[in-house]
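Peer 1: Just to be clear, the model below is a prediction. Sequence and coordinates:
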Amino acid sequence: MNLQFFKYQGAGNDFIIIDNRKNTFSPQPNVINKLCNRHFGIGADGLILLEINSEIPFMRYFNSDGNEATMCGNGGRCFAAFTKHLGICNGDSIKFMGIDGEHIALFNPDGNIKLKMIDVKKIELIDDNYFLDTGSPHYVQFVRDIETVDVDREGKLIRKTVNFNNGGTNVNFVQEIKPGEIKIRTYERGVEAETLACGTGATAAAIAYSHYFEIEKNPIDVKAIGGNLKIYFERGNEHFVNVWLEGPAKKVFEGTIDIDSNV
């Protein structure tokens, strides 16, 4: 079976996207894992399916290990860009569903995309660090020198110990560069390695940063290895609403792959 795919990236976080509105692709974990493999497949941090739910686009997201996950912020912006490419969206915005609920994406004149995220109603303190859900679970640890952190080693140690009963957590190491600007490095569960960026992680880091340092600046500038992101929100007492993630989303290439011979 020849499978048509599209490759997108958002701040270096890369995804395989498949138009599955006719349900021709069966998302088997071993197939997804091989497609995301950078040596034997297409290569990606995750795979996204475009499906339809209640007559609006529905985004299903799978980590590179093949398991279905919740929300992916950078993937959500790439998904929105993909709907524009297919002509599903012809205006300046699109509404779509994810497993975590409804999202809205706005297309900026500069080419960036601004994605509406879920509200954050709870921030937990765990071992002097922060745990919160921004569509996916995230652990945020503030560090003095982010460049010296062994993200793969330290992230792996935390990844399965926090939120153990619900599949573990993503782990973010964050350093303040100047008031209102932070640098982030993320260990992503499901990828089981450091990635160049993480949208839900950047959102979690910005919110934890605003909460911890009592920063009023909005948006928060987040510098990831693969690119720059901005996080907007309205801040209350441990409640963050009207949360938006802004950043790039670009098509890299498209092609076909013979699933039977490659997977």
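Peer 2: Nice, I can see it.

Peer 1: buried residues in stretch 58-76?
Peer 2: Residues of stretch 58-76 classed as buried by neighbour count (16 or more other CB atoms under 10 Å): 58-64, 66, 69-76. Where you see a C-beta, it was placed from the backbone N, CA and C, and this is true even at glycine.

Peer 1: cool, stretch 107-126 as well?
Peer 2: By neighbour count on 16+ other CB under 10 Å, the buried set for stretch 107-126 is Phe107, Asn112, Ile113, Lys114, Leu115, Lys116, Met117, Ile118, Val120, Ile123.

Peer 1: give the contact list for the last one.
Peer 2: Shown here is Ile123, whose contacts under the criterion CB atoms under 8 Å, 6 or more residues apart in numbering are Tyr130, Phe131, Leu132, Ile207, Ala208, His211, Glu238.

Peer 1: Quickly list what the first one is bridged to.
Peer 2: The partner list for Tyr130 in beta bridges (DSSP bridges) reads Leu125, Val140.

Peer 1: show me what contacts Tyr232?
Peer 2: Going by CB under 8 Å, 6+ apart, Tyr232 touches Lys114, Asn218, Pro219, Asn242, Val243, Trp244, Glu246.

Peer 1: Low-confidence ranges, the stretch 151-263 of the chain, go.
Peer 2: 238, 261-263 (pLDDT under 70).

Peer 1: thinking again about what came up before, would you turn the buried residues of stretch 107-126 into a markdown table with pLDDT?
Peer 2: Formatted as a markdown table, the entries for those read as follows, by pLDDT from 0 to 100:
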| residue | pLDDT |
| --- | --- |
| Phe107 | 97 |
| Asn112 | 97 |
| Ile113 | 98 |
| Lys114 | 98 |
| Leu115 | 98 |
| Lys116 | 97 |
| Met117 | 96 |
| Ile118 | 94 |
| Val120 | 96 |
| Ile123 | 94 |
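
Peer 1: Mind jotting down where the helices sit in the chain?
Peer 2: 29-36, 73-86, 151-159, 199-213, 259-262 (DSSP state H).

Peer 1: rewinding a little: could you tell me which of the buried residues of stretch 107-126 belong to strands?
Peer 2: Phe107, Ile113, Lys114, Leu115, Lys116 (DSSP state E).

Peer 1: Now flag whichever of these is closest to Val151.
Peer 2: Proximity of those to Val151 was ranked by CB to CB; the top entry is Leu115 with 24.6 Å.

Peer 1: so the closest one bridges to which residues?
Peer 2: According to DSSP bridges, the partner residues bridging Leu115 are Ala105, Leu245.
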